[in-house]
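In: please find the sequence and the predicted model below.
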Amino acid sequence: MHAREGLTYLKLAAVTMIWGGTFVAGRFLADHVDPLLAACLRFILASLALLLFLACARIPLARPTTGQMARLVLLGLCGIFFYNLCFFYGLHYINASRASLIVALNPAVIGLASWLLFKERLGRAKWLGIGLCLVGAAVVIVSRNPNLMQGARNAWIGDLLILGCVMAWGAYSLLSRELNQTLGPVQTVTWSVLWGTLMLTLATLATGRLTLQGFSALQLAQWYSLLYLGVLGSALAYIGYYDGIRRIGATRSGVFIALNPLTAVICGALLLDEALTVPMLAGGAVILLGIYLCNKPLARGRAMGI
């Protein structure tokens, strides 16, 4: 059991490593590509990757019941369509560091919603862990960019849009609970991504932004960013995250999102020669302590039948 949970934690840590880079890739695209077109292309690539994976693994696409399909459509609406509109439009107004600071609110939102909606027991250690994750994320990001809160004149619009991402992801995480158990993470992610991609494609076509001219204007670096966002940041990472929810629950999986700012800083140091400072490392240690507190008490509690 402990080995299996350890593997789940490693998978979730890998997911956050991938997601740490999505803010940088998304910000790069926001400067060059229409937000709606970027979101649409990201999930067309994600859909193709998921269908190719199912074909190579010889896994047939499940046929959900009417009730399950309704929930999958809702997942596509919240976690794919609405989330990505907020994500790409939000990054038009604020930088990646500021956006990742707001997204670090996810553990608290998921934990609070789990407590209110599903009566999930949240002890003192768990609330302390969520709080430490928030504090650690803030330390990492503010130490990286002390002036990040001095945004442009319309930065509040970006803040609200990224806050919309937080709400959408909280809904996406919690509404998947039953589907993850019945359909499994691969089928749940595939169907929700397919529905979300359909919504994004229809919206992009309806607004006249999905054109040959738009395709031809994309440069190779932008296609690389879209491939990263679609194949790694969406198809692969979503399956890993949903598998974590199925195994250890939404709240315990959600706290790993607090690692996003830390992984973004580490990637910047490794790939862009950005400096790693003592406050950044201290903030990272606080995040890790918060994740430990959120998960360790529950691991004991479950053995006691809680």
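Out: Ah, there it is.
In: what mean pLDDT does stretch 45-58 have?
Out: Here stretch 45-58 scores 93 as its mean pLDDT.
In: can you give the contact residues for it?
Out: Identification of contacts with stretch 45-58 by C-beta atoms under 8 Å, 6 or more residues apart in numbering yields 59-61, 186, 189-190, 193-194, 197, 226-227, 229-231, 234-236, 238. No exception for glycine: its C-beta is placed from N, CA and C like everyone else's.
In: tell me which residues of that stretch come out buried.
Out: Using 16 or more other C-beta atoms under 10 Å as the test for burial, stretch 45-58 gives 45-47, 49-50, 53-54.
In: which residues in the stretch 151-300 of the chain form helices?
Out: Per DSSP state H, counting those that start in this stretch, the stretch 151-300 of the chain carries helices over the ranges 155-175, 177-182, 185-206, 212-216, 220-227, 237-248, 250-254, 260-272, 278-303.
In: which strands and helices sit next to the helix or strand hosting Gln68?
Out: Assigned by DSSP states H and E, Gln68 belongs to helix 66-75. Contacts defined by 3 or more C-beta pairs under 8 Å, 6 or more residues apart in numbering; DSSP states H and E place helix 66-75 against helix 155-175, helix 177-182, helix 185-206.
In: return the distance of the helix or strand just after that helix from the chain's centre.
Out: Counting by DSSP H and E, the next helix or strand C-terminal to helix 66-75 is helix 83-90. How far helix 83-90 lies from its chain's middle: 12 Å, per C-alpha atoms, centre = their mean, to the nearest Å.
In: give me the contact list for helix 83-90.
Out: Residues outside helix 83-90 that contact it (C-beta under 8 Å, 6+ apart) are 26, 29-30, 35-36, 38-39, 42-43, 99, 157-159, 161-162, 164-165, 168-169, 172, 196, 200.
In: apply 6 Å and report the result again.
Out: Applying C-beta atoms under 6 Å, 6 or more residues apart in numbering, the contact partners of helix 83-90 are 35, 38-39, 158, 161-162, 164-165, 168.
In: just stretch 11-24 next, same as before
Out: Under the contact criterion C-beta under 6 Å, 6+ apart, stretch 11-24 has outside partners 96, 99-100, 229, 232-233, 237, 240-241, 244, 253, 256, 259-260, 263-264, 267.
In: if we go to 8 Å?
Out: Under the criterion C-beta under 8 Å, 6+ apart, residues 91, 96-97, 99-100, 103, 228-229, 232-233, 236-237, 240-241, 243-244, 253, 256-257, 259-264, 266-268 lie in contact with stretch 11-24.
In: what's the burial count for Gly184?
Out: With neighbours defined by other C-beta atoms under 10 Å, the count for Gly184 comes to 17.
In: per-residue confidence at it?
Out: For Gly184, the model assigns a pLDDT of 86.
In: do the same with Phe23
Out: Here the pLDDT value assigned to Phe23 is 72.
In: tell me which element it falls in.
Out: helix 2-30.
In: hmm, back to that, and the helices and strands packed on helix 66-75: which comes nearest Ala282?
Out: helix 155-175 (24.7 Å; C-beta to C-beta).
In: avg pLDDT for that closest one?
Out: Mean pLDDT, computed over helix 155-175, is 83.
In: what comes into contact with that helix?
Out: 71, 74-75, 78-79, 82-83, 86-87, 89-94, 98-99, 102-103, 105-106, 109-110, 113-114, 117-118, 151, 192, 241, 245, 250, 253-254, 257.
In: off-centre distance for that helix?
Out: 10 Å.
In: tell me the buried residues in it?
Out: Using 16+ other C-beta under 10 Å as the test for burial, helix 155-175 gives 155, 157-159, 161-175.
In: just want the angle from it to helix 83-90.
Out: If you take axes from the mean of the first three to the mean of the last three C-alpha atoms, to 10 degrees, helix 155-175 sits at 160 degrees to helix 83-90.
In: from here on, call the first residue 845.
Out: Yes, from this point I'll number from 845; that puts the last item at helix 999-1019.
In: quick check: angle from helix 999-1019 to helix 1029-1050?
Out: Using the same axes, to 10 degrees: helix 999-1019 against helix 1029-1050 is 140 degrees.
In: circling back: so which of the buried residues of stretch 889-902 comes closest to Leu1049?
Out: Once C-beta to C-beta is applied, the member of these that ends up nearest Leu1049 is Ser891, at 15.6 Å.
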